[in-house]
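**Student:** Below: sequence and its predicted model.
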Amino acid sequence: MHTKNILGFDVPDFIEGFGDVEHYSGVWNKLKKENIGETIISPPVKSRVAHTSKMKNSLKEAIDACNPHDGMTVTFHHHLRGGDYIVEQTIRYLAEVGIKDITLASSSLTSAHECLVPFVKDGTITRIFSSGIRDELGKAISEGHMKNPVVIHSHGGRARAIKTGRIKIDLAVVAASAADCEGNCTGSFGPSAFGSIGYAMIDVMYADKVVVVTDNLVDFPCIPPSIRQHNVDHVVKVETIGDPSKIASGTTRITKSPMDLRIAEMAADAIEQSGVFREGYSFQVGAGGASLAVAKFMRDKMKAQEIKGSFMIGGITSYCVDMLNEGLFNALFDVQSFDAAVSTSVHGNTNHVEISSDQYAGPYNCGCMTNKLDVVVLGALEVDTDFNVNVITGADGVIRGASGGHSDTAAGAKLTVVVCPSFRGRLPMIKKRVQNVVTPGESIDLIVTERGICVNPNNKNLEVKLKEAGLNIVDIDKLREEVDKITGVPVEPKFTNKIVGVIEYRDGSVIDVIRAVDTED
Amino acid sequence: MAARRKRRTMLYIPGNNPAMLQQGGVYGADGLLLDLEDAVALNQKDAARILVRNMINTVDFYNCEVTVRINHLDTPFGIADLEEIVPLQPDAIRYPKTESVEDLKRLISIVEEIEKKHNIENPTMTIHAMIETALGVQNVFDIAAYSKRVDCITIGGQDLTADMNVVKTKDGNELDFARKRIVMAAKANKIDAIDTVFADVDDDEGLMIETEMIKGIGFAGKAVINPRQISTIHDVFNPTEEEIRKAVRIIREFNKNREAGIGVFAIDGKMIDAPVVARAQYIIDVAGIEI
């Protein structure tokens, strides 16, 4: 049976290969109960005889020691980004020894994981949980080549899924840029340093078996240990965990794109006038384009008005580190570091705190960091006139993005700002209805485009404040019409009825489904 | 008093770049300079002319003053540019290398002929005379005074320094005389003077220093080659909060005294007369405040 959910998206009550659907019911409807009647699974009880070695000679030997079996769930973390070698090496070996029907649960998948396409097609991998999927893998899944639908979760949603056993981990493989023989490990130093290892922290607590893989085995003890030995079963030294040039490089630079800068400046002006920008405020921005550029303008405003913030959180760039070092914020909370320069700060600055994805954004705990966020600036692939945001599928309907912390931070922040050009190339970005919703409009306050700022009608006070400040506030329906006049309205892609992806909201309910693109034409 | 048009920034956009033309109005510049001249290669002059014509007809440039820089009438493209652009009556045309009253006379007679041909009885399009040669600097007082249609004098630093056979430097000493003479010619005729571009788009500090300098000698604004320069220039030209408060007070007092038939009055012991009131009104106009 098909149902329109409360946002008007067509989501069935039962999905083949996924099961019964708990429908999305609002941003806080489920979580406001505080005690929501589900249980956290017990971590496996482990023991170890004194003075026995955890060291294995190879990744293969370590995997063999973890009882690989058909139907197993293997998890990874995506801090190695486009440079990751470990996911491929693990899956390739499991395929070699004939393991089938694997559930791959990585915190996200990147361009490094196109190599998984053959394993999806031959049934080695039959289920994926991930925040994001891109490139050829996204295309293969969107064309219906995987047995079961992929489950797209937020970073906070993944922590929830692991804690409740929705993702029941048989084997967690943790890549570390430094580790010792007992499994104390970190990403904060070493030749392949990548900064925070926050996403893996939750995996090692609940996995049946944990393997730490490093290309930099250091003398015991590895200090500071981001992940600690009492959760680690095996340690492997390999030649390299990935391509350092693609793991993290240099420092993140602010965009020079006049369009992104224009949007960022408008967004910063709106934040300044919103009432949230004041002494002790907290702030999160993304690493790309207009989103990061907002930090540049906020930095100028903080200096000019002598405002000191409390903390920055999230994916941390060197720009955030600079703001910490300038004394503009008291602390950084880092679940993922975006460039090489950040690793040094994670390693050496006690006010730069590495946190798990559960502490970052987990909805099933007594209060994650995103709940304390004042301002977040987010990007979008497209938005709609109900302020819903799509960050997962492109205009052609193919999976090519990531949920990330989008819905987590949008829910938590007092002021959620989406920065998005009104069109890209010839494609309008403001639609009557997004193709897929990841973050519900209820949690979005502002959509900032180069042609004006749209204020969610739910937030009348904000609209009044921004208008009084003389900012260029536009009605989102009128803006859509204006942009449609420039670009025309594109023909929507065609889909089949096959569901290839399930988009979970952070609380575990299903907010939307992704259907297979129709390749007949 | 009617608000004066703000001309803090005039953003150059190459006339043969559809994407940039289409987005021209969104960057917050006070004016746009749709360029058919130096930014366009010789073999693309006709394509640019057609594109700019179509863009003016279809694209919303919001509140920007839309100016088209045409090619000089001594080139093979000048007449064709005017034939295509004048009927559209953009806010203004910018005429490059204006050197004498004769140049303007020739331009305006062709413009008026085209307007007549298209039955434009009350033309609104003004002319921005661009001074780019030593001779133009010499004749700028006559140029500024020649016609009511000329409501802006601009300086082209690159061509002018080339004509002077000197290098354009960061501190701009070589342009000092020309800048001040052009400003004075504009002021003498109650029209605006607009400064030349600042070429290093990555040097915000240099841009700020130069903008402070040209503001200080009386320019109303500056040409811009990259949208990233706009906010820096606006920051310099925007009045401070203190200036705005003072200006508001002056205008309020002026309005009150005018109703009572008093022309000159004092605030905090300082005499307020017409020039002070005009300056206060300008600050209020730039700040975008209505009293």
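**Tutor:** Right, received. Where do you want to start? Numbering: from 1, shown residues only, chains lettered A, B, ... in the order given.
**Student:** hey, where'd the helices end up in the stretch 1-150 of chain A?
**Tutor:** For the stretch 1-150 of chain A, the helices defined by DSSP state H, counting those that start in this stretch occupy A:59-64, A:86-96, A:117-121, A:135-142.
**Student:** Just to check, residue B:151 is in contact with residue B:191?
**Tutor:** Yes. Applying Cβ atoms under 8 Å, one finds residue B:151 in contact with residue B:191, separated by 5.0 Å. Where C-beta positions appear, they are placed from N, C-alpha and C, glycine not excepted.
**Student:** how about whatever residue of the stretch 151-300 of chain A ends up closest to chain B, what does it touch?
**Tutor:** The nearest approach of the stretch 151-300 of chain A to chain B comes at residue A:258, 3.6 Å away (Cβ to the nearest Cβ). By Cβ atoms under 8 Å, 6 or more residues apart in numbering or on different chains, the residues touching residue A:258 are B:27, B:226, B:227, B:228.
**Student:** Can you tell me the closest non-neighbouring residue to the second one?
**Tutor:** Just to be clear, that refers to residue B:226. Among residues not flanking residue B:226 along the chain, residue B:201 sits closest, at 4.2 Å (Cβ to Cβ, 6 or more residues apart in numbering or on different chains).
**Student:** can you count the residues close to the one you found?
**Tutor:** Summarising burial for residue B:201: neighbours were counted as other Cβ atoms under 10 Å in any protein chain shown, giving 16.
**Student:** Can you point out the helix or strand that includes it?
**Tutor:** For residue B:201, there is no enclosing helix or strand under DSSP states H and E.
**Student:** Point out where the chain drops to low pLDDT.
**Tutor:** The chain I'm using is chain A. Scanning chain A with the threshold set as pLDDT under 70 gives A:1-2, A:249-250, A:521.
**Student:** try chain B instead
**Tutor:** Using pLDDT under 70, the flagged stretches of chain B are B:1-4.
**Student:** By proximity to chain A, which residue of it wins?
**Tutor:** In chain B, the residue that lies nearest chain A is residue B:227 (3.6 Å; Cβ to the nearest Cβ).
**Student:** What about that residue, how many residues nearby?
**Tutor:** Per other Cβ under 10 Å, the neighbour tally for residue B:227 reads 24.
**Student:** Am I right that it is in contact with residue B:29?
**Tutor:** Yes. Between residue B:227 and residue B:29 there is a contact under Cβ under 8 Å: 7.1 Å.
**Student:** Need the overlap of contacts for these two.
**Tutor:** residue B:11.
**Student:** Please identify the buried residues of the top helix by length along chain B?
**Tutor:** In chain B, with assignment by DSSP state H, the single longest helix is helix B:241-259. For helix B:241-259, the neighbour count (16 or more other Cβ atoms under 10 Å in any protein chain shown) marks B:243, B:244, B:246, B:247, B:248, B:250, B:251, B:253, B:254, B:257 as buried.
**Student:** cool, stretch B:31-49 as well?
**Tutor:** B:31, B:32, B:33, B:34, B:35, B:36, B:37, B:39, B:40, B:45, B:48, B:49.
**Student:** Just the ones of those residues in helices?
**Tutor:** Checking these against DSSP H, those in helices are B:45, B:48, B:49.
**Student:** contacting residues for the second one?
**Tutor:** If I follow you right, that is residue B:48. Contacts for residue B:48 (Cβ under 8 Å, 6+ apart) come out as B:14, B:15, B:16, B:36, B:40.
**Student:** Compile these into JSON lines and extend it with columns for distance to chain A.
**Tutor:** Shown next, in JSON lines, are these (distance: Cβ to the nearest Cβ, whole Å):
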{"residue": "B:14", "distance to chain A": "14"}
{"residue": "B:15", "distance to chain A": "18"}
{"residue": "B:16", "distance to chain A": "18"}
{"residue": "B:36", "distance to chain A": "22"}
{"residue": "B:40", "distance to chain A": "20"}
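**Student:** Okay, and which of these map to strands?
**Tutor:** residue B:14 (DSSP state E).
**Student:** Hmm, residue B:156 is touching residue B:132, no?
**Tutor:** Yes. Shown here, residue B:156 and residue B:132 form a contact pair, counting by Cβ under 8 Å, at 3.7 Å.
**Student:** hey, what's in contact with both of those two?
**Tutor:** The contact lists of residue B:156 and residue B:132 share B:96, B:97, where a contact means Cβ under 8 Å, 6+ apart.
**Student:** quick one: residue A:519 is in a strand?
**Tutor:** No. Counting by DSSP: H, G, I helix; E, B strand; the rest coil, residue A:519 falls outside a strand, being coil.
**Student:** what's the spacing between the spatially closest residue to residue A:252 that is not a sequence neighbour and residue A:407?
**Tutor:** Nearest non-adjacent residue to residue A:252, counting by Cβ to Cβ, 6+ apart: residue A:317, 4.1 Å away. Counting by Cβ to Cβ, to the nearest Å, the gap from residue A:317 to residue A:407 is 21 Å.
**Student:** The most centrally placed residue in chain B: helix or strand, and which one exactly?
**Tutor:** The residue lying closest to the centre of chain B (Cα atoms, centre = their mean) is residue B:194, at 4.7 Å. Using DSSP H and E, residue B:194 sits in strand B:192-195.
**Student:** which element follows that strand toward the C-terminus?
**Tutor:** Next helix or strand after strand B:192-195 toward the C-terminus (DSSP H and E): helix B:204-217.
**Student:** so what does that following helix touch, helix or strand wise?
**Tutor:** The contact analysis (3 or more Cβ pairs under 8 Å, 6 or more residues apart in numbering or on different chains; DSSP states H and E) places helix B:204-217 against helix B:176-188, helix B:230-237.
**Student:** Going by neighbour count, which residues of the next helix or strand after the longest helix of chain B are buried?
**Tutor:** The first helix or strand that comes after helix B:241-259 along the chain, using DSSP H and E, is strand B:265-267. By neighbour count with 16+ other Cβ under 10 Å, strand B:265-267 contains the buried residues residue B:265.
**Student:** what do you get for stretch A:284-303?
**Tutor:** For stretch A:284-303, by 16+ other Cβ under 10 Å, it's A:284-299, A:302.
**Student:** Does residue A:501 lie in a helix or a strand, and which?
**Tutor:** For residue A:501, the host element (DSSP H and E) is strand A:495-504.
**Student:** Which strands border that strand, and is each parallel or antiparallel?
**Tutor:** strand A:150-152 (parallel), strand A:510-517 (antiparallel) (DSSP bridges).
**Student:** quick one, which of those strands is packed in tightest?
**Tutor:** strand A:150-152 (a mean of 27; mean count of other Cβ atoms under 10 Å in any protein chain shown).
**Student:** Need the contact partners of that one.
**Tutor:** Strand A:150-152 is contacted by residues A:18, A:127-133, A:141, A:392, A:399, A:403, A:438, A:500-504, A:514 when judged by Cβ under 8 Å, 6+ apart.
**Student:** Residue B:22 is in contact with residue B:55, correct?
**Tutor:** Yes. Residue B:55 is within contact range of residue B:22, at 7.0 Å (criterion: Cβ under 8 Å).
**Student:** Helices of the stretch 151-300 of chain A, start to end?
**Tutor:** Using DSSP H, counting those that start in this stretch, helices in the stretch 151-300 of chain A cover A:155-163, A:198-206, A:244-247, A:258-273, A:289-305.
**Student:** tell me which strands and helices the longest one is in contact with?
**Tutor:** Right, the one you point to is helix A:289-305. Secondary elements touching helix A:289-305 (3+ Cβ pairs under 8 Å, 6+ apart): helix A:258-273, strand A:283-285, helix A:318-325, strand A:375-378, strand A:415-419.
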